[in-house]
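Visitor: this one's sequence-less:
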Ligand code: NAD
């Protein structure tokens, strides 16, 4: 079968679209003919991608949006309805970790220096921030934008989970737990909306270099950190992924003619990381 995937005139809402991954997805949806609404807390960051899309002849608009404010999301929904019409595809991309919810060490040990940030020092507000941003920040946009997707052919949601949803990564318990909750919510939504025409799936990207993890992966001289080397050793393909390498899987999940019976899956795109035991 040869098929050119296109999303001509589909309305695609992308949250976190000012970021590297979702900005890239937004651009590719626009190239495939979609009308793309780029939502981000940082409207300026989203506008950079919109400018690129428009320059290439695509249709897109940036919206200042906070995925943690239902009231704000409702306002944005009304604007998107006016600008482009009802949403066909929702990409819940906004998410991330917080240093206050990250331990300094992989393993707790006796007699650590007093300045070490251990599990016992993790900040409650930081943990709450991470759970809110990732979990509520996926649930609230879904509550708001699926209202326009009910009963429409081809409507679907794509959430962004992570490798740490399968097995938690060291140091980041809140982010791991919150992404696990997103995989779980993906299945819940797939079931819940199965009678009203909305599919829900997720991608679980492996390790990509983006704004939020750059400092964890490279030192000031640009050399990979010990953690980055560990990731590379545990990624059988031996390299980081690129945002562009997520596009094919997202298009597949989003395209009704290819994935009309695919519902509730979390698709790893990870160079083999999740398949590898390390031995
Ligand atoms: P990024 O930091 O480049 O982009 C995240 C975007 O979300 C930013 O533009 C930020 O302004 C926006 N944002 C933050 N809080 C928001 C809020 N309250 N409301 C609206 N927008 C908000 O991150 P990225 O690496 O491109 O990550 C995108 C998604 O992919 C996230 O969910 C992340 O957890 C996930 N992910 C990333 C990786 C990776 O290796 N980078 C791996 C797996 C999953």
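Guide: Arrived safely. Note that the structure is a prediction, hence the values are computed from the model and not measured.
Visitor: Relative to the ligand, which residue of the stretch 101-250 of the chain is the closest?
Guide: The stretch 101-250 of the chain approaches the ligand most closely through residue 210 (3.2 Å), counting by Cβ to the nearest ligand atom. For glycine as for every other residue, the C-beta is placed from the backbone atoms N, C-alpha and C.
Visitor: near the ligand, which residues of this structure show up?
Guide: 15-16, 18-22, 40-42, 45, 65-68, 93-96, 133, 137, 160, 162, 205, 207-208, 210-213 (Cβ under 6 Å from any ligand atom).
Visitor: Next, check the residues you listed against the helices and list the overlap.
Guide: Counting by DSSP state H, the residues of the chain next to the ligand place 20-22, 45, 137 in helices.
Visitor: can you redo these as a markdown table with pLDDT and neighbour count?
Guide: What follows is those, written out as a markdown table (pLDDT from 0 to 100; neighbours: other Cβ atoms under 10 Å):
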| residue | pLDDT | neighbour count |
| --- | --- | --- |
| 20 | 94 | 18 |
| 21 | 96 | 27 |
| 22 | 98 | 27 |
| 45 | 98 | 18 |
| 137 | 98 | 25 |
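Visitor: got these as JSON lines, with distance to residue 103 columns?
Guide: Below are these laid out as JSON lines (distance: Cβ to Cβ, whole Å):
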{"residue": "20", "distance to residue 103": "25"}
{"residue": "21", "distance to residue 103": "25"}
{"residue": "22", "distance to residue 103": "28"}
{"residue": "45", "distance to residue 103": "29"}
{"residue": "137", "distance to residue 103": "23"}
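Visitor: hmm, back to that, which residue sits closest to the residue of the stretch 101-250 of the chain closest to the ligand, ignoring its sequence neighbours?
Guide: In this structure, residue 210 finds its nearest non-sequential neighbour in residue 20, 4.2 Å apart by Cβ to Cβ, 6 or more residues apart in numbering.
Visitor: for the one you found, what are its contacts?
Guide: Contacts for residue 20 were tallied using Cβ atoms under 8 Å, 6 or more residues apart in numbering; they are 208, 210-211, 243.
Visitor: of the residues you listed, buried ones?
Guide: 208, 210, 243 (16 or more other Cβ atoms under 10 Å).
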